[in-house]
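>>> Take a look and give me a structure for this.
(chains A, B and C)
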Amino acid sequence: MLERFLRAAAALCLSLCALACSSDAPPPAAVQVFAAASLRDACGDVAQLWRERRPQVELVFNFGSSATLAQQIDATRTADLFLSADTAQMELVRQSGAIAVEGPARWLSNQLVVVVPASSNDREWTSADELVHERFPRLSLANPASVPAGKYARAWLEAQGSWSALEARVVPAVDVRAALAAVENAACELGIVYSTDAAISKRVRVVFRVPLEQGPRIEYAIAATRGKAPAPLSREVLEHFLSPAAEACFASRGFLVRERD
Amino acid sequence: MVDSALVDALRLTLQVAAGSTALVALPALALGRFLARREFRGRSLVEALAALPLYCPPTAFGFLLLRAFRRDGPLGAQALGFDLDVLLTWRGAVLASALMSFPLVVRTARVAFENVPPRLEQMAASLGASRAQVLWRVTLPLARNGLIAALLIGFSRALGEFGATVIVAGNIPGRTQTLATGIFDALQVGDDARAVQLAGLSALLGFVAVWTSEWFLRRSRSSV
Amino acid sequence: MSNTLEFQLTLPLTGFTLALEHATNSRALGVVGPSGSGKSSLVEALAGWRRGARGRIRFDGATWLDSERGVELDAARRAVGYVPQDQLLFPHLDVEANLRFGCTSDGALVERVLRVLEIEALRARGVATLSGGERQRVALGRALCARPQLLLLDEPFGALDRPLRRRILPYLLRAQREFGAPFVLVSHDPTEIAAVCDEVLVLHEGRVVARGAPSQVLAPGGELDEGFENVLRGRVSAVSASSASVDLGGVALEVPRAELAPGEVAVVSVRADDVLVARTAPKGLSARNVLAARVDSLVRGPAARLRVELGAQPLWIELTEAAIDELELAPGAAVFVVVKTRACRVLASGGST
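All right, here's what the predicted structure looks like:
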């Protein structure tokens, strides 16, 4: 009795797997978009717009730190679009010969903020000097060696003169969303992320907004890359991301839309 | 409540685990048979090599595969002239899982073959069966339950594979995000609810797979 | 088919080296000896299951082993049917599938084997459900179905108790008669050997210490403490309701009727310690057999025994040294041998010797 059940279960599993295997090939039209982690939610909005206009073409997103994505693009040629949080990573991709169509310079920008867990007692700071206080033994940043969000934060801290004091306290995260999650879980008492990230989370509180004149130049970049999708299609998706409707999505999430040159 | 991302992750997990098991089945069973029967110099070396994925961090193997299949690697598009399209695809996930589950299948298969008394095989040969016939008519039927258990163990391992998979196949929802990588992703974005769902589902799957494999193992012990 | 088996073998074992040679034409060669004397190793080497044997083995003109010329056929190519001590029945197949294993095309042979060994009723049974005696018959049947040119039986009845062995013995004799292949039978039971074989090798620590016909070679004493049984053969001359008369070459032995029919050959055993000796013909005894015989040889000592010629066959009698002295027994003396009908056991019957 049990044996028959198990045989049936095994047969079911196998046919499930066969079924799953048969649906391997992606739908005939799919465009792979590699996007920086901070753009996650905004991209969801943009994708929704796309689906309403062109449902036959699927947008497949791969989110991660721009540094990891740039490496993946270099190693494979599977991305059709690259949305990077800084121009340095886009430059790497350009050097590897993967760019098909350049996007505009200074596409989006952002603002750095300092966050604490929602459970903390801190409220708004008057100055950034609070950073070095000993009540913050751990500082969550996206990896300052490679990830744009971390590099921006480090640039700002260096300009403030507090980097050498804080460097030892840094807990590097794989991307800015992971850095945010570390503060949400109170694994770190303090973190520096984008204001757009802080905006989506109810479990952190912003205690300091880095004034745009003080902070480093944050410049997102976008380009169509040589991937699996046909070039005209990638170009079409690029134009969608640059359209006013898409820009409105980014703006409503807190991104700063720069004027075109 | 059941969103498409969850279904996708489940489907991909099963797909990858099935593909991985199918890929390792023949080589791992063959190696298990070989190790069960032949005594030869360098046997322990072969066994140790085959067991590496058990002891080395999965990320090390992920790295190896990445190096091999990247565009400018020995198995990349530049070297071969065509694109195998392994990295960042479900094929890469299958390869990574296959590599990591290989030693478990080999070991369990080896034990299954060792439990077939060699004298029974000798008797079959004595009665006129060729080597292939001995394998087909005596060895495999007697080892059958143990071999099924071996494949199920490989399947269970592949269900949960993360370290090598995330490096080779990335974490692309709908394309390469399995239950395991999905949990990691959910944690990264602070989506605890989703993490719990995925973790629960993967625990259930893993449990069923392992329990079934144990059942076959018990049957294999009592039959010979 | 000439049935000639010749071998010269050396095989290192634990403690000693098996080194022996023999050549024989007989239908059935017996191998006896104490446990550990190398009997099973000899048979395994003949079967091709032992690597490491050096020397020569030739059967019926074919060379199975020739170390000098580098010839060593493996088991599958030797046309040998090997029935090992542990039977090695295939546990995943039923009885019929086991029998058919070595013989995929000849259904008629399988049916005949099932019938001769009386295992037809077992054909769909799983191997694990068989009794000891049934397993032995199935193992023998499986070997027979593979049409071997030589059968090697290693203690085929090893695990069975004596009464069961006696009951299975006729199957072996029947198989010998019906299927023709010559055999080599290893046993620690001299009665079986005497019943079945026409030639015997006695092994001790890997060497042949005696060879010849069972009646010449097998005798009471030594390590055999189960009670030596004499094995006698004769043709049934008459039967009555409860007994039969077996002609041992001029001397008639009354044995229990069993299922004997006139004209059949009967194989009968009489324990050496069940026989009485008298110098004069005793009268008024219940025993039906009071037979004239002549003393052939005697052995003194604590295991004193007498060998007499009964008709054309030897008979061993165990008795005390005091009795030998009192009766003044010596080689050549004429004596009377007294055996109860019921002390004779019919081992097998049928066919011709």
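
>>> Next one, pLDDT for the closest residue to chain A within chain B please.
Per C-beta to the nearest C-beta, residue B:18 is where chain B lies closest to chain A, at 3.2 Å. Where you see a C-beta, it was placed from the backbone N, CA and C, and this is true even at glycine. You'll see residue B:18 listed with a pLDDT of 95.

>>> How about residue B:71?
Value for residue B:71, per-residue pLDDT: 87.

>>> Could you see whether chain C lies near the helix or strand where residue B:32 lies?
Assigned by DSSP states H and E, residue B:32 falls within helix B:4-37. No - Helix B:4-37 is not in contact with chain C by C-beta under 8 Å from any C-beta of the partner chain; minimum separation 14.3 Å.

>>> what's the next secondary structure element after that helix?
helix B:43-55.

>>> quick one: buried residues of that next one?
With burial defined by 16 or more other C-beta atoms under 10 Å in any protein chain shown, the residues of helix B:43-55 counted as buried are B:50, B:53.

>>> My reading is that residue C:49 lies in a helix. Confirm?
No - Residue C:49: not assigned to a helix; according to DSSP: H, G, I helix; E, B strand; the rest coil it is coil.

>>> how many neighbours does the residue in the stretch 51-200 of chain A positioned nearest to chain C have?
For the stretch 51-200 of chain A, the residue closest to chain C is residue A:76, as judged by C-beta to the nearest C-beta, at 49.1 Å. Neighbourhood size, residue A:76 [other C-beta atoms under 10 Å in any protein chain shown]: 25.

>>> That one and residue B:92 touch, don't they?
No - using C-beta atoms under 8 Å, residue A:76 makes no contact with residue B:92, being 9.2 Å away.

>>> Got phi/psi on residue 109?
In the absence of a named chain, this looks at chain A. phi -140, psi 180 (degrees, to the nearest 10).

>>> what pairs with it across the strands?
residue A:256 (DSSP bridges).

>>> Neighbours of the closest residue to residue C:122 other than its chain neighbours, how many?
Distances taken as C-beta to C-beta, 6 or more residues apart in numbering or on different chains put residue C:95 closest to residue C:122, at 4.8 Å, once the chain neighbours are dropped. Using other C-beta under 10 Å, residue C:95 has 26 neighbouring residues.

>>> pLDDT score for residue C:95?
pLDDT, residue C:95: 94.

>>> cool, residue C:231 as well?
91.

>>> Following the chain past the host helix or strand of it, name the next helix or strand.
Per DSSP H and E, residue C:231 falls inside strand C:229-239. Toward the C-terminus, strand C:229-239 is succeeded by strand C:243-247 as the next helix or strand (DSSP H and E).

>>> Three-state assignment for residue A:191, please.
strand.

>>> Low-confidence regions, the stretch 51-200 of chain C specifically.
By pLDDT under 70, the stretch 51-200 of chain C has no low-scoring segment.

>>> what's the closest non-adjacent residue to residue C:231?
Distance criterion C-beta to C-beta, 6+ apart; nearest residue to residue C:231, sequence neighbours excluded, is residue C:194 at 3.5 Å.

>>> The one you found sits in which helix or strand?
Per DSSP H and E: helix C:190-196 holds residue C:194.

>>> Can you give the contact residues for that helix?
Residues outside helix C:190-196 that contact it (C-beta atoms under 8 Å, 6 or more residues apart in numbering or on different chains): C:28, C:30, C:32, C:157, C:165, C:169, C:172-173, C:176, C:185, C:187, C:200, C:214-215, C:218, C:224, C:228-231, C:267, C:269, C:347-348.

>>> now do 6 Å
If you take C-beta atoms under 6 Å, 6 or more residues apart in numbering or on different chains as the criterion, helix C:190-196 is touched by C:28, C:30, C:32, C:172, C:185, C:187, C:200, C:214, C:218, C:229, C:231, C:267, C:269, C:347.

>>> nearest to chain A, of those residues?
So of those, ranked by how close each gets to chain A (C-beta to the nearest C-beta), first place is residue C:172, at 40.7 Å.

>>> Surely the closest one is within a strand?
No - according to three-state DSSP, residue C:172 belongs to no strand; its state is helix.

>>> What helices and strands are in contact with the host helix or strand of residue A:157?
Mapping residue A:157 onto the secondary structure by DSSP H and E places it in helix A:148-160. For helix A:148-160, the packing partners by 3 or more C-beta pairs under 6 Å, 6 or more residues apart in numbering or on different chains; DSSP states H and E come out as strand A:139-142.

>>> Apply 8 Å and report the result again.
helix A:87-95, strand A:112-117, strand A:139-142, helix A:163-166, helix A:176-184, strand A:190-194 (3 or more C-beta pairs under 8 Å, 6 or more residues apart in numbering or on different chains; DSSP states H and E).
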